[in-house]
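J.: Based on what follows, work out the 3D shape:
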Amino acid sequence: MFRAPGPRTRRLAAFLRRRARATPVRRPALDCQAFPHLFRKRAVVFTDTADFTVRTVREGILHFLMLFERLVSAAAPALEAAGGEIVKVEGDSLLLRFDGVKEACHGVDVLEGCLRRLNRAGPKDERLAFSYGIGYGDVLDLEDDLFGLEVNLASKLGEDMARPGEALLTPAAAAALDGAELRRLVPHRVVTFGTRAIPIQRLKLRRR
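T.: Numbers count the residues shown, from 1 in each chain. Below you'll find the model as predicted:
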């Protein structure tokens, strides 16, 4: 189930085996005991590529993968310089990890800058556009994956709600900002997950 056999992944796998052996009534206590050892505060960004299915029908998957690989190669060092990293590539999406939301917002600006530079250098059928979801909170922080509610929400915002060139933040991510970054937020809409209403904020991207 888990790809990287690093220490954080091994710790989680060992806990899950222990949890499976426990009785159901014991599992909540085990979860509470394990929480500080398994979870970390992280900002996450989930990207989505505009018109992925249409493009692969029109141009083929190999053409898209060529463009995506080019973007990832250019973006990885730029994101690292901005305090982030690409955790994994998932289809036409990227999962990014940052220590804080301020760094995540800067990372989105950096990624948008990479896209614009590559788009200016190529013909129309070699241009890409991303939408973004940004979350922040306690997540299972593994070597090459992230799990948790804020990851799920960031994925939902990036894939299903944000338009190309738009970055949406969860309430927890928005609440973690202050100063100049907080002034970049504008109300977007209230969305409902089950019976829970969640106000979503939009980040005004910096054009470089």
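
J.: tell me the contacts of F39?
T.: Neighbouring residues of F39 by CB atoms under 8 Å, 6 or more residues apart in numbering: 138-141, 148. In short, each C-beta sits where N, CA and C put it, glycine included.

J.: Can you point out the buried residues in the helix or strand of the chain with the lowest mean pLDDT?
T.: Lowest by mean pLDDT, DSSP states H and E among the helices and strands of the chain is helix 179-182, with a mean of 86. For helix 179-182, burial by neighbour count (16 or more other CB atoms under 10 Å) applies to E181.

J.: before we move on, what about stretch 199-208?
T.: 200-203, 205.

J.: cool, stretch 48-55 as well?
T.: In stretch 48-55, counting by 16+ other CB under 10 Å, buried: 48-50, 52, 55.

J.: low-confidence ranges in this structure?
T.: 4, 207-208 (pLDDT under 70).

J.: Going along the chain, name the helices of it.
T.: For the chain, helices defined by DSSP state H occupy the ranges 7-21, 27-38, 52-59, 61-81, 101-121, 149-156, 171-175, 179-182.

J.: related to what we said a few turns ago, closest one to A175 out of the buried residues of stretch 48-55, please.
T.: Nearest to A175, judged by CB to CB, of those is D48 at 23.7 Å.

J.: how many other residues sit next to the closest residue in space to that closest one that isn't next to it in sequence?
T.: Spatial nearest neighbour of D48, excluding adjacent residues (CB to CB, 6 or more residues apart in numbering): E159 at 4.4 Å. Neighbourhood size, E159 [other CB atoms under 10 Å]: 17.

J.: cool, R58 as well?
T.: If you count neighbours by other CB under 10 Å, R58 ends up with 11.

J.: Then the one 3 residues further on?
T.: The tally of other residues near I61 (other CB under 10 Å) stands at 13.

J.: quick one, what contacts it?
T.: With contacts defined as CB under 8 Å, 6+ apart, I61 has no neighbours.
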